[in-house]
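Participant: Build me a model:
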Amino acid sequence: MADAASRLSALTEELIGAPPPVRIRAWDGSTAGPAQGPTVVIRNRRALRRVMWKPGELGLARAWVAGDIDVEGDLYEVLDRLAAYIWERTDAQQRGLFVLDPRLRAAAKAFLRLAGPLPPPPPPPEEVRGRSGTTHTKRRDKQAISHHYDVGNDFYEMVLGPSMVYSCAYWDDAPGFTLEDAQRDKLDLVCRKLGLAEGDRLLDVGCGWGSMALHAAREYGARVTGVTLSREQALYARKRVADAGLTDRVDIRVQDYRDVKDGPYDAISSIGMAEHVGSVRFREYADDLYALLRPGGRLLNHQIARRPLAHDEAYEIDAFIDAYVFPDGELAPVGRTLATLEEAGFEARDVQSIREHYALTLRRWVANLEARWADAVRATSPGRARVWRLYMAASALSFERNKIGVNQILAVRTPETGASGLPRRALDWR
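Facilitator: As a prediction, the model looks like this:
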């Protein structure tokens, strides 16, 4: 009988219609596939059972998080080689592999025999469980945010670095330019677009660990209210505010943005938060922020966007990200976001794509995680660290290849007089 790697290679070629794009090492020590390049290590038969019961992305993700599969060599290269066979096929297409073609069904049965006894192993403990009720209610949103952010501030310090900014940085080509430099420049870019001045009231929606609030208060003299649904983030941010001596200027709350009623504000920043809102709530989000701004006030909405689809009902939330990273998170095309903001009454004044900047940011976060891998595992769990390594590396490639983007939209609650308060000439944000 052929060794496990050779059998896996042959069956994989039968299923995907092409030789495996990466080398395979199986649990019996055998290898097969291209001699050059990275290797996918299949540590045990459980990995096969996971994939057979959840064909495609989610099954592979479960095997990765559980440590049943691993990579030797460049993770980015592995993901790049596998993208066309996994991430660029929908769940329906993956399921169709096993039901439409008798030849494929026969290969799947042989794969199942190789996988060993049923039933499949349970999902890793890092997978979201127990979701019920309507998406994007206040209760369910709080649960989703807690799953993502309440995993230990020590872990995020290792990944994000001293800036503690969990959103796209703004890079410069200057020699020696660091992640902290790029995050500082991003925060400053937002403040300048908002036109912040001494004494202005700023609402920072989804304030994270307080970095935007601190920058706006310290560098621009703004009076800032930051809201988050994460208690761990709020505790961390409040300590930073106290250590900086800015408690008279910065108020950090554990609060849903829908419960903020103390407007009007001069400006609102929403940086990497709108992805959590969901399409069913986005108009409500836009209406609420519009109501919280004074006439002439500005909104800076910094948001990841997906590419538009010919038939938008075909959009599927990414299975791995939904189960392990951002439960209930949704992406929308930038055009739809713009339209919804304007339907709520905003005047869109500037749109800046910073897609390439996010790819650089994510690669730096991955490097931080890999450099402190043992510490990161101790701070959370092996599975959680593996989730983040895969998620960030795959996302970096998606930004690099224009599968997703990120945009800053500057919008104004323009008063009836039509005076937007912005300069007549195009602004150079640099």
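Participant: ok, which stretches of the stretch 301-430 of the chain are helices?
Facilitator: For the stretch 301-430 of the chain, helices defined by DSSP state H, counting those that start in this stretch occupy the ranges 319-324, 334-343, 355-371, 373-379, 382-400.
Participant: what separates the first one from the chain centre, distance-wise?
Facilitator: Taking CA atoms, centre = their mean, to the nearest Å, one finds helix 319-324 lying 10 Å from the centre of the chain it belongs to.
Participant: same check, this time on the third one
Facilitator: With CA atoms, centre = their mean as the basis, the distance from the averaged C-alpha position of helix 355-371 to the chain average is 12 Å.
Participant: if we compare the helices of the stretch 301-430 of the chain, which one ends up closest to residue 162?
Facilitator: helix 355-371 (10.7 Å; CB to CB). C-betas here are computed from N, CA, C, even on glycine.
Participant: Average pLDDT for stretch 170-182, rounded please.
Facilitator: Average pLDDT, stretch 170-182: 96.
Participant: pLDDT at residue 425, what is it?
Facilitator: Each residue has a pLDDT score; the one for residue 425 is 80.
Participant: re earlier: any chance of the helices of the stretch 301-430 of the chain in TSV, plus mean neighbour count and distance to residue 417?
Facilitator: Listed next are those as TSV, based on neighbours: other CB atoms under 10 Å; distance: least, CB to CB, whole Å:
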stretch	mean neighbour count	distance to residue 417
helix 319-324	22	44
helix 334-343	16	18
helix 355-371	19	36
helix 373-379	16	54
helix 382-400	21	40
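Participant: and residue 74, which of these is closest to it?
Facilitator: Here helix 382-400 is closest among those (CB to CB), at 9.6 Å.
Participant: Which SSE is immediately downstream of the least confident helix or strand in the chain by mean pLDDT?
Facilitator: Least confident helix or strand of the chain, by mean pLDDT, DSSP states H and E, is helix 91-96 with a mean of 48. With elements assigned by DSSP states H and E, the helix or strand that comes after helix 91-96 is helix 102-115.
Participant: could I get the helices of the stretch 301-430 of the chain as CSV with distance to residue 308 and mean pLDDT?
Facilitator: Formatted as CSV, those follow (distance: least, CB to CB, whole Å; pLDDT from 0 to 100):
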stretch, distance to residue 308, mean pLDDT
helix 319-324, 19, 91
helix 334-343, 7, 98
helix 355-371, 15, 98
helix 373-379, 36, 96
helix 382-400, 15, 96
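Participant: Quick check: which of those is nearest to residue 85?
Facilitator: Nearest of the helices of the stretch 301-430 of the chain (CB to CB): helix 382-400, 13.7 Å.
Participant: which helices and strands does the closest one pack with?
Facilitator: Secondary-structure packing of helix 382-400 (3 or more CB pairs under 8 Å, 6 or more residues apart in numbering; DSSP states H and E): helix 57-66, helix 75-82, helix 153-160, helix 319-324, helix 355-371, helix 373-379, strand 404-412.
Participant: Minimum distance to residue 223: which of those has it?
Facilitator: Closest approach to residue 223 among the helices and strands packed on helix 382-400 is made by strand 404-412 (20.2 Å; CB to CB).
Participant: Tell me which strands that closest one pairs with, and in which orientation.
Facilitator: Here strand 404-412 has these sheet partners by DSSP bridges: strand 293-306 (antiparallel), strand 347-353 (antiparallel).
Participant: Figure out how far that strand is from the centre of its chain.
Facilitator: Averaging C-alpha positions (CA atoms, centre = their mean) puts strand 404-412 16 Å from its chain's average.
Participant: Report the backbone C-alpha coordinates of that strand in CSV.
Facilitator: Provided in CSV are the C-alpha atoms of strand 404-412 (Å, rounded to 0.1, in the frame of the first residue of the first chain):
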residue,chain,number,x,y,z
ILE,A,404,-10.4,43.7,0.2
GLY,A,405,-9.6,47.4,0.9
VAL,A,406,-9.7,50.0,3.6
ASN,A,407,-11.0,53.5,3.2
GLN,A,408,-11.2,56.7,5.3
ILE,A,409,-14.4,58.6,4.5
LEU,A,410,-14.6,62.2,5.7
ALA,A,411,-18.2,63.3,6.0
VAL,A,412,-19.9,66.5,7.3
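Participant: Was I right to think residue 68 contacts residue 47?
Facilitator: Yes. The criterion here is CB atoms under 8 Å, and residue 68 meets it with residue 47 at 3.8 Å.
Participant: higher neighbour count, those two?
Facilitator: More crowded of residue 68 and residue 47, by other CB atoms under 10 Å: residue 47, with 26 against 23.
Participant: What distance do you get for the closest residue to residue 293 other than its chain neighbours to residue 341?
Facilitator: Of all residues not flanking residue 293 in the chain, residue 413 sits nearest, at 4.4 Å (CB to CB, 6 or more residues apart in numbering). As for residue 413, its distance to residue 341 is 10 Å (criterion: CB to CB, to the nearest Å).
Participant: hang on, the earlier thing: next, format the helices and strands packed on helix 382-400 as JSON lines and append distance to residue 261.
Facilitator: What follows is these, written out as JSON lines (distance: least, CB to CB, whole Å):
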{"stretch": "helix 57-66", "distance to residue 261": "40"}
{"stretch": "helix 75-82", "distance to residue 261": "45"}
{"stretch": "helix 153-160", "distance to residue 261": "29"}
{"stretch": "helix 319-324", "distance to residue 261": "31"}
{"stretch": "helix 355-371", "distance to residue 261": "33"}
{"stretch": "helix 373-379", "distance to residue 261": "37"}
{"stretch": "strand 404-412", "distance to residue 261": "21"}
